[in-house]
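Enquirer: Make a model of this:
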Amino acid sequence: MAAVALIGADATPAPSVERRSFDPTFVTCFIAILMVALVCQLLMLKWRPLFPGAEGDSSLIGGVRAAVDSIMSLL
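Expert: Modelled structure (predicted):
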């Protein structure tokens, strides 16, 4: 079990280094994808094909199937 540093009297766990480095990356990527989707929506373009799924599949089912096959081959 990982050690957790405590801050203040209410014993709130301090954010880990991984979390502090992950949050800005997640927020930046989320905003970038959201902006592309909004611009395409305003221009009445299809934005979903711009972000292909696993192994380049354009459908959700095909992407999930490819991901499951990849993970099952590792087991």
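Enquirer: How many residues are close by residue 45?
Expert: Look at residue 45: counted by other Cβ atoms under 10 Å, it has 13 neighbours. Every C-beta, even on glycine, is put in place using the N, C-alpha and C of the backbone.
Enquirer: While we're on it, how confident is the model there?
Expert: Reading off the confidence values, residue 45 has pLDDT 83.
Enquirer: if I look at it, how far off is residue 39?
Expert: Applying Cβ to Cβ, to the nearest Å, the value for residue 45 to residue 39 is 8 Å.
Enquirer: Helices of this structure, start to end?
Expert: Using DSSP state H, the helices of the chain run over 17-42, 60-74.
Enquirer: Output the shortest one as CSV - backbone C-alpha positions only.
Expert: Output for helix 60-74, consisting of C-alpha atoms alone and laid out as CSV, is shown next (Å, rounded to 0.1, in the frame of the first residue of the first chain):
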residue,chain,number,x,y,z
LEU,A,60,-17.6,1.7,-32.1
ILE,A,61,-18.3,-2.1,-32.2
GLY,A,62,-15.3,-2.7,-34.5
GLY,A,63,-13.1,-0.6,-32.2
VAL,A,64,-14.2,-2.5,-29.1
ARG,A,65,-13.8,-5.8,-30.8
ALA,A,66,-10.2,-4.9,-31.9
ALA,A,67,-9.4,-3.7,-28.3
VAL,A,68,-10.8,-6.9,-26.8
ASP,A,69,-8.9,-9.1,-29.2
SER,A,70,-5.7,-7.2,-28.4
ILE,A,71,-6.2,-7.6,-24.6
MET,A,72,-7.2,-11.3,-24.9
SER,A,73,-4.1,-12.1,-26.8
LEU,A,74,-2.0,-10.9,-23.9
